[in-house]
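> sequence? don't have it. structure:
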């Protein structure tokens, strides 16, 4: 729940530390998957900006402890190895979080911001709505 709507505002929460129990066992890295952003100065194997984000019912919302996730860098794929029938059951059981904002900028933001893969822009600023007004004539 750290994407554009879940944060809200697409916070830089992607720097997920290694669990202490794994560090004590000698692990120095593990794959971390998040719908958040992360500083470019952070470390380790990370998949970020997962979209659609979990707050709106994206794939991370359906992931559960014990699920196997396969990352294939060569083929640029990331797959949850969960049976489709089980995923359908989870989708049917999923309920969206309560809206955080009833009015104001937060209300507007959550209704109009796009997902990470679309640039986290407001839908009403997209060029599909028509030409910009352009520069004014100078007399």
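Received it, and whenever you're ready, just let me know what you need. These numbers were taken from a predicted model, which means no experiment stands behind them.
> show residues contacting stretch 38-46.
12-16, 18, 29-34, 48 (C-beta atoms under 8 Å, 6 or more residues apart in numbering). C-beta here means a position set from N, CA and C on the backbone, and glycine is covered the same way.
> distance from that stretch to the middle of the chain?
16 Å (C-alpha atoms, centre = their mean, to the nearest Å).
> so residue 79: helix, strand or coil?
At residue 79 the chain is in strand, as set by DSSP: H, G, I helix; E, B strand; the rest coil.
> please renumber so the chain begins at 38
Will do, 38 is the new start, and the previous item becomes residue 116.
> burial measure for it, as a count.
11 (other C-beta atoms under 10 Å).
> the protein: strands as residue ranges?
For the chain, the strands defined by DSSP state E occupy 69-70, 83-84, 106-109, 114-117.
> mean pLDDT and distance to residue 172 added to the ones you listed, as JSON lines?
Output for the strands of the chain, formatted as JSON lines (pLDDT from 0 to 100; distance: least, C-beta to C-beta, whole Å):
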{"stretch": "strand 69-70", "mean pLDDT": "88", "distance to residue 172": "44"}
{"stretch": "strand 83-84", "mean pLDDT": "86", "distance to residue 172": "42"}
{"stretch": "strand 106-109", "mean pLDDT": "94", "distance to residue 172": "47"}
{"stretch": "strand 114-117", "mean pLDDT": "92", "distance to residue 172": "44"}
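> out of those, deepest packed?
The densest packing among those, expressed as mean neighbour count by mean count of other C-beta atoms under 10 Å, is seen in strand 69-70 with a mean of 18.
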